[in-house]
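J.: Need a 3D model of the following:
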Amino acid sequence: MDKLIKSISKSGSFRAYVLDSTETVRTAQEKHQILSSSNVALGRTLIAN
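T.: As a prediction, this is how the structure comes out:
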């Protein structure tokens with residue numbers, strides 16, 4: 001299960017986001033039969049990094 005964690009400071013002036021999208025990337029790798037060496041590029045594309 002993928003996770004998105006959002007944190008906001010008390011004053012509201014700072015926000016932080018953490019995304020664990022391991023399952024999404026793994027599923028896409030399996031469905032598209034992508035080699036492990038290309039998986040990094042796929043993962044970055046999927047999460048818009």
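
J.: which residues touch the spatially most central residue of the chain?
T.: Of all residues in the chain, the one closest to the mean position by Cα atoms, centre = their mean is S21, 3.5 Å from it. The contact partners of S21, taken as Cβ atoms under 8 Å, 6 or more residues apart in numbering, are D2, G43, L46, I47. To be clear about C-beta, it is placed using only N, CA and C from the backbone, and glycine gets the same treatment.

J.: what ranges do the strands span in the chain?
T.: 3-8, 15-20 (DSSP state E).

J.: Which neighbouring elements make contact with the lowest-mean-pLDDT helix or strand in the chain?
T.: Averaged element by element with mean pLDDT, DSSP states H and E, the chain has its least confident helix or strand at helix 39-46 (a mean of 89). On a contact count with 3 or more Cβ pairs under 8 Å, 6 or more residues apart in numbering; DSSP states H and E, helix 39-46 meets helix 22-32.

J.: Residues touching the helix it packs on, excluding its own?
T.: Applying Cβ under 8 Å, 6+ apart, the set of residues contacting helix 22-32 is M1, D2, I34, S36, N39, L42, G43, L46, I47.

J.: Distance-wise, check the residue of the chain positioned farthest from its centre relative to R26.
T.: Distance from the centre of the chain peaks at S11, with 27.3 Å (Cα atoms, centre = their mean). Shown here: S11 relative to R26, a distance of 38 Å by Cβ to Cβ, to the nearest Å.
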